[in-house]
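Engineer: all I have is the shape, not the residue letters:
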Ligand code: DX5
Ligand code: ZN
C-alpha cells in the first residue's frame, strides 16, 4: 500500500444552481478538499468564478478550499481570495513574471502556496521555488475545461515531480488535475500523485456524488 490519497472534487462540473448542496454532498461523502477553478478568459479560453463564489462555498463547508487560479497576474487577486476564505492558492508560472514573489505573498497571508504545471511546462519550472511550494498541481489536461482526457506524456512528469518533492519539499502535496476517473486514478497514484482533483467523474457521475467518490478512492487504493 502506498501513501494516503486525498480526493478533491472540482466544483467546475457541479450544478451551480445548487452549489451549496453539491459541496455538502461531497463533504458528506468523505472528500478531503474542495477544488475551485478560477478562469479569467485570458490565461485560459474560459471564464468561471471569482472571490464572491469562494466566499459562498466557504460558508457551507469546513473542508480546505484549494483555489486554482487560471488567471493572468494572479498577484492582483491573492488578497481577495485569501479574504474570501481560500486555504490553498495555486498559480501558473506563465501567468506571472515573479513566481517566487507570488508564492511568498500567498504564504505571507497564512495560506498554502501551489504551483500548477501545464502539460507542456517542464518540472524544471519548480527548480528554484521548491522551498516555497506547498502543493504542485500537475495538469493532466490543458486547463480551461472539464471532461477532457489525460494527456499520456504527463505520467512521466508526475514521477519526476515526485522525485523532486521527495528531495526538496517532502511535505508538499502532489496533485493531479484533469481526466481523473477510476481508470486513470491508479495510474497517476502509481506515478506518485497523492491528491486527485476530479470534476466530471464526481459531479457528472450517473451513480451520484457519494458513489463516485467511493469508486475513485477504491480505484486509487489498487495502485
Ligand atoms: C480544468 C480544471 C479542472 C477541471 C477538471 O481546467 O483545472 O479542475 O475541473 O475536470 P475533469 O475532472 O472533468 O477533467
Ligand atoms: Zn483545476
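Structural biologist: Here it is on my side, so go on. Treat the numbers as computed from the prediction; the structure is a model and nothing was measured. Ligands and ions are numbered 1, 2, ... in the order given.
Engineer: can you list the weak-confidence ranges in this structure?
Structural biologist: For the chain, the stretches with pLDDT under 70 are 1-2.
Engineer: which parts of this protein sit against ligand 1?
Structural biologist: Contact residues, the chain versus ligand 1 (Cβ under 6 Å from any ligand atom): 10, 12-13, 35, 37, 68, 141, 143-148, 177-180, 197-201. Backbone N, C-alpha and C define where each C-beta goes, glycine included.
Engineer: repeat the analysis, applying 5 Å as the threshold.
Structural biologist: Within the chain, the positions near ligand 1 by Cβ under 5 Å from any ligand atom are 10, 12, 37, 143, 146-147, 177-179, 197-200.
Engineer: contacts with ligand 2 among those residues, please.
Structural biologist: 37, 177 (Cβ under 5 Å from the ion).
Engineer: of the residues of the chain next to ligand 1, which count as buried by neighbour count?
Structural biologist: 10, 12, 37, 143, 146, 177, 178, 179, 197, 198, 199, 200 (16 or more other Cβ atoms under 10 Å).
Engineer: ok, the third one - contacts?
Structural biologist: The contact partners of residue 37, taken as Cβ atoms under 8 Å, 6 or more residues apart in numbering, are 10, 11, 12, 48, 49, 68, 70, 199.
Engineer: rerun that using 7 Å as the cut-off
Structural biologist: Going by Cβ atoms under 7 Å, 6 or more residues apart in numbering, residue 37 touches 10, 12, 48, 68, 70.
Engineer: try the first one
Structural biologist: Residues counted as contacts of residue 10 (Cβ under 7 Å, 6+ apart) are 35, 37, 146, 197, 198, 199.
Engineer: beta partners for it?
Structural biologist: Here residue 10 sits in beta bridges with residue 35, going by DSSP bridges.
Engineer: and for the longest helix anywhere in the chain, what's in contact with it?
Structural biologist: Determined from DSSP state H, the single longest helix within the chain is helix 154-168. Identification of contacts with helix 154-168 by Cβ under 7 Å, 6+ apart yields 119, 123, 126, 130-131, 136, 138, 140, 172, 174, 176, 187-188, 191-193.
Engineer: where does the protein get nearest to ligand 2, residue-wise?
Structural biologist: residue 68 (3.7 Å; Cβ to the ion).
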